[in-house]
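Trainee: have a look; sequence and predicted model below, questions after that.
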Amino acid sequence: MTSAARIEKHGSIAVLVIDNPPVHALSTAVKLGIVAGLDAVEHDSSVTGVVITTASKTFVAGADLKEMDRPLEPPFLPELLARIDAFPKPVAAALYGNVLGGGFELALACRLRVAAPGTKIGLPEVKVGLIPGSTGTQRLLRRVDFNTAVDVITSGKPMSAARALELGLIHQISSGDVRADTIAALERAVAENKVPASSASGVAALPGADVGTLEASVKKAARGALAPLHAFRLLVETAPLSYEDGCKKERELFVQLRSSFEARALRHSFAAERNAGRAPDLAGIAARNLSHVGVIGGGLMGCGIAFASLTSGYAVTVVEGSDAAMDAARGRMDALFASSLGSGRMTEAKATELRSRLAMTTDYAKLGDADLVIEAVFESMDVKRAVFTKLDEVTRPDAILASNTSYLDLDAIADITKNPARVVGIHFFSPAHIMRLVEVVRGAKTQKDIVATSVAFARKLGKVPVITGVCEGFCGNRILKYYRIAGEAMLEDGASPQDIDAAMNFYGFPMGPFAVQDLAGLEIAYANRKNNPAKRPDGRPLDLLERVVDAGRKGQKNAKGWYDYAPGARRGEPSDEVMALLAQARAEKGITPRSFSRDEIIEKMIGAMRNEARKLIAEGIVGSPDDVDLVLIHGYGFPAHKGGPMFEV
């Protein structure tokens, strides 16, 4: 045996324990350990069956992505799984935690699968630019109907243990100790000579007449990513083939995609996310323990922060400025609970437990024992400084005071307090309980342990923390400013909002810049530009946004912004009034309009992002190009399969 796996005997059952923390990834060492374990028991007459499990927390959560940039080396997983499938003693899998990718393929190769109730099971390879490459597509085709196989593989979304049982992908849900239950189930199967058939047995599910419609649906959901389409077409092509021929084609495509730009980009994003928030000067700095979080402001942002904190185990106190505002905040919190209950993400018992940790008040004094207080009020320096003045009076001297500001000078906010060293920026993105990015803004005087604690807090909320310094808009909104300016400059020169939005949709953004502005409301950017007038890259003034807002167009909220909106519509239509405003601006400025190709639009828009990112890195506002990529992917819809604006630049 190796250090990555070991055999433990339980009567006549050998338990092969994979031990490769934290997620027991299928590294070369783990595969060698499995081989050694099988070798050790294959000819042992005292062993009647084998249970594969792991040492802690989770089953195998996939391949070892660190090995993906190296040449493939034996033992190769498809051959190892074939050996498990045909092993002379039946092999079972005890599943819990995350059973993903190669881990699920390993489980499918076993004759018997027992899962703990909270297990998440799936084939997420498309999310790293790949397809299941170790018999996963072919085994799944022989277990579920074709459309289900397409959904599981092309979406990459995990399923619950209950759903896996319903589909026949597992045989039992454990009622207690999953390892003990799996051993017992295998002992019964052996004693009764009722060991389940091979996972590779049976006839593959064939595609139906709706294959064209199904492909269009996969393509739309992929938003420019290629791996889901490759996976779909492989399923269509291999469904009529023998299991062996299908596996051969699957492996060929997997090896081909392994070195593709998309796979490299997604592996880059994965690695960058794993390293997020790890500033060199914070090495060895311990994060504080937090239990009570205060939130100032019960608007959409504040309630989102409060809800995310509650679901992550904290006690939360929300403070509002008036009884009427507090009533509105309660309504927003109720809506968040109702949404989670309605979708099945939360049980009534869990909701009751969370509500027991939630307090809502107009009394700042209730924050006296809070460990961390996050301000999420109106984006005004005067308003925020007034809040921090109050917090200085009512909180413990060692409590962390955080601002959710997205643009304002954090140091100017901190300086209103007696101890600016305890002030940090924790900038969430809306909706805060869903969006994964958090910018942790380090002020000029912020203590290192407070930065480390803010990073740890964001991680506990399931967020991606990126540390930034203080500047207007920090990392994300500063880049967004120049991205939008690039778009408006092309509008002046002859493009239309729909031209630019369509180009960025094609590139992979879920929404183009002008549709996004309409959704958020144009008056936000309008108010910011009152103090910071926009200029084109060549230095000339740029005032198209001002012209649109001055014409009474505020976005979706009043059904007219860069686009016109029918009542209740989320998608806008081109506006004759906006086109007339653009024509008037061009005439006044002596600009002869010209057309822009899709590629030119993309080049200018992404180029603006890169140019500003280089400045942010040079100024030390962000630590690396990886930080920029994470901010744009997780906060602004940059397509992850492109790796971020700084990937391979």
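Mentor: Yes, it's here.
Trainee: number of nearby residues for the nearest residue to Lys219 once chain neighbours are set aside?
Mentor: Nearest residue to Lys219, sequence neighbours excluded (C-beta to C-beta, 6 or more residues apart in numbering): Leu229, at 5.9 Å. All C-beta atoms are positioned from the backbone trio N, CA, C, and that covers glycine. Here the number of neighbours of Leu229 (other C-beta atoms under 10 Å) works out to 16.
Trainee: please, which helix or strand holds Leu229?
Mentor: Using DSSP states H and E, Leu229 sits within helix 227-238.
Trainee: same for the next helix or strand after that helix, what does it pack against?
Mentor: Sequence order places helix 243-258 as the next helix or strand after helix 227-238, per DSSP H and E. Under the contact definition 3 or more C-beta pairs under 8 Å, 6 or more residues apart in numbering; DSSP states H and E, helix 243-258 sits against helix 136-141, helix 227-238.
Trainee: highest average neighbour count across the ones you listed?
Mentor: Per residue and on average, the most neighbours among the helices and strands packed on helix 243-258 fall to helix 136-141, with a mean of 28 (mean count of other C-beta atoms under 10 Å).
Trainee: returning to that earlier point: output the helix holding Leu229 as PDB, nothing but the C-alphas.
Mentor: Written as PDB, here are the backbone C-alpha positions of helix 227-238 (Å, rounded to 0.1, in the frame of the first residue of the first chain):
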ATOM      1  CA  ALA A 227     -17.000  21.900 -23.700                       C
ATOM      2  CA  PRO A 228     -20.800  21.400 -23.200                       C
ATOM      3  CA  LEU A 229     -21.300  21.200 -26.900                       C
ATOM      4  CA  HIS A 230     -18.500  18.800 -27.300                       C
ATOM      5  CA  ALA A 231     -20.000  16.600 -24.600                       C
ATOM      6  CA  PHE A 232     -23.500  16.700 -26.200                       C
ATOM      7  CA  ARG A 233     -22.200  15.800 -29.600                       C
ATOM      8  CA  LEU A 234     -20.100  12.900 -28.100                       C
ATOM      9  CA  LEU A 235     -23.300  11.600 -26.400                       C
ATOM     10  CA  VAL A 236     -25.200  11.700 -29.700                       C
ATOM     11  CA  GLU A 237     -22.300  10.000 -31.600                       C
ATOM     12  CA  THR A 238     -21.600   7.300 -29.100                       C
END
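Trainee: what's the helix or strand of the chain with the lowest mean pLDDT packed up against?
Mentor: Every helix and strand in the chain was compared by mean pLDDT, DSSP states H and E; the lowest is helix 522-531, with a mean of 84. Where contact means 3+ C-beta pairs under 8 Å, 6+ apart, helix 522-531 is packed against helix 544-550.
Trainee: circling back: contact partners of the helix holding Leu229?
Mentor: Helix 227-238 is contacted from outside by 125-126, 129-132, 137-138, 141, 146, 149-150, 153-156, 204, 207, 211, 214-215, 218-219, 221-222, 245-246, 249-250, 253, 257, 262-263, 641, using C-beta atoms under 8 Å, 6 or more residues apart in numbering.
Trainee: that helix vs helix 243-258, what angle?
Mentor: Between the axes of helix 227-238 and helix 243-258, defined by axes from the mean of the first three to the mean of the last three C-alpha atoms, to 10 degrees, the angle is 160 degrees.
Trainee: now helix 227-238, how far from the centre of its chain.
Mentor: How far helix 227-238 lies from its chain's middle: 24 Å, per C-alpha atoms, centre = their mean, to the nearest Å.
Trainee: may I have the distance across stretch 565-581, first residue to last?
Mentor: Start and end residues of stretch 565-581 are separated by 18 Å (C-alpha to C-alpha, to the nearest Å).
Trainee: again with stretch 438-449
Mentor: Start-to-end, stretch 438-449 (C-alpha to C-alpha) is 17 Å.
Trainee: please apply the same query to stretch 217-229.
Mentor: Stretch 217-229 has an end-to-end distance of 10 Å (C-alpha to C-alpha).
Trainee: run the chain-centre distance for that stretch.
Mentor: Put simply, stretch 217-229 sits 17 Å off its chain's centre (C-alpha atoms, centre = their mean).
Trainee: in that stretch, what counts as buried?
Mentor: The neighbour-count check on stretch 217-229 (16 or more other C-beta atoms under 10 Å) flags 218-219, 222-223, 225-229 as buried.
Trainee: so of the contacts of helix 227-238, which ones are in helices?
Mentor: Judged by DSSP state H, those include 137-138, 141, 146, 149-150, 153-155, 211, 214-215, 218-219, 221-222, 245-246, 249-250, 253, 257, 262-263 as members of helices.
Trainee: list only buried entries from those residues.
Mentor: By 16+ other C-beta under 10 Å, the ones in helices among the contacts of helix 227-238 give 137-138, 141, 146, 149-150, 153-155, 211, 214-215, 218-219, 222, 246, 250, 253, 257, 262-263 as buried.
Trainee: for stretch 219-236, give the mean pLDDT please.
Mentor: Taken as a whole, stretch 219-236 has an average pLDDT of 96.
Trainee: how long is that stretch end to end?
Mentor: End-to-end distance for stretch 219-236: 14 Å, by C-alpha to C-alpha.
Trainee: rewinding a little: now the helices and strands packed on helix 243-258 as TSV including distance to Gly508?
Mentor: Shown next, in TSV, are the helices and strands packed on helix 243-258 (distance: least, C-beta to C-beta, whole Å):
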stretch	distance to Gly508
helix 136-141	25
helix 227-238	13
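Trainee: got a list of contacts for the least confident helix or strand of the chain?
Mentor: Around helix 522-531, the neighbours that count as contacts under C-beta under 8 Å, 6+ apart are 379, 407, 484, 517, 545-546, 548-549, 553-555, 561-562.
Trainee: mind listing what's buried along it?
Mentor: For helix 522-531, burial by neighbour count (16+ other C-beta under 10 Å) applies to 522-523, 525-526, 528-529.
Trainee: gap between the residue lying closest to Leu77 once chain neighbours are set aside and Arg113?
Mentor: In this structure, Leu77 finds its nearest non-sequential neighbour in Ser134, 4.0 Å apart by C-beta to C-beta, 6+ apart. If you measure Ser134 against Arg113 using C-beta to C-beta, to the nearest Å, the figure is 16 Å.
Trainee: equivalent analysis for Ile617, please.
Mentor: Separation of Ile617 from Arg113 (C-beta to C-beta): 48 Å.
Trainee: where in the protein is pLDDT low?
Mentor: Scanning the chain with the threshold set as pLDDT under 70 gives 1-2.
Trainee: helices along the stretch 51-200 of the chain, start to end?
Mentor: Assigned by DSSP state H, counting those that start in this stretch, the helices in the stretch 51-200 of the chain fall at 77-85, 102-109, 136-141, 146-155, 161-166, 178-191.
Trainee: just put those helices in TSV and tack on distance to Asp398.
Mentor: Listed next are those as TSV, based on distance: least, C-beta to C-beta, whole Å:
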stretch	distance to Asp398
helix 77-85	51
helix 102-109	43
helix 136-141	51
helix 146-155	46
helix 161-166	43
helix 178-191	43
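Trainee: the ones you listed: which one's closest to Ser356?
Mentor: Counting by C-beta to C-beta, Ser356 lies closest to helix 161-166 out of the helices of the stretch 51-200 of the chain; the figure is 27.0 Å.
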